[in-house]
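Engineer: just need the structure, nothing else, for what follows:
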Amino acid sequence: MSELKLEGKLIVKNDTQQVTDTFKKREFVIETEGDYPQSIKFELKQDNCSKLDAYKVGDMIAVSFNVDGRPWVNKEGKTVYFVSLSVWRIEKVGSVTAPVDKYQDVPVVDNDIELPF
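Structural biologist: Purely as a prediction, here's the structure:
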């Protein structure tokens with residue numbers, strides 16, 4: 001499967017949940033841009049949970065993730081399927097930098113100086 005990557009604004013940042021003694025996860029939501037913005041929930045697992053610490057709500061981020069699917073048989077014996085978007089990398093995007101003034105190093109010309117020709 002090719003790399004899956006999505007960019008958006010971080011709108012929900014949940015705390016890490018200790019699901020069992022050996023398993024923890026952390027969920028967060030990003031909102032995509034465009035005419036029809038989507039709110040998409042992702043999850044981080046185990047040691048990856050701390051990757052979200054460097055970001056705050058409102059940051060524009062890019063997430064690289066895998067799609068995980070699994071079946072589960074409920075109490076009635078019916079098989080239910082779950083899908084999760086498991087993030088393995090988060091990067092900040094759209095960092096704002098000060099605009100560069102392309103004329104800042106150009107010397108000012110004094111127009112009152114007479115040329116010798």
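Engineer: may I have the beta-bridge partners of residue 60?
Structural biologist: Beta-bridge pairing for residue 60 (DSSP bridges): residue 9.
Engineer: so what pLDDT did it get?
Structural biologist: For residue 60, the pLDDT comes out at 96.
Engineer: hmm, residue 9 and it touching each other?
Structural biologist: Yes: if you go by C-beta atoms under 8 Å, residue 60 and residue 9 touch, sitting 5.6 Å apart. C-betas here are computed from N, CA, C, even on glycine.
Engineer: what's opposite residue 79 in the beta bridge?
Structural biologist: Under the criterion DSSP bridges, residue 79 forms beta bridges with residue 73.
Engineer: can you show me the helices along the protein?
Structural biologist: Counting by DSSP state H, the chain forms no helices at all.
Engineer: what segments of it are strands?
Structural biologist: Taking DSSP state E as the criterion, the chain carries its strands at 4-13, 17-18, 24-31, 39-45, 60-73, 79-92.
Engineer: tell me the contacts of residue 16?
Structural biologist: Residues in contact with residue 16 (C-beta atoms under 8 Å, 6 or more residues apart in numbering) are 24, 25, 26, 49.
Engineer: can you pull the contacts of the second one?
Structural biologist: What that stands for is residue 25. Residue 25 touches 16, 17, 19, 43, 44, 45, 46, 49, counting by C-beta under 8 Å, 6+ apart.
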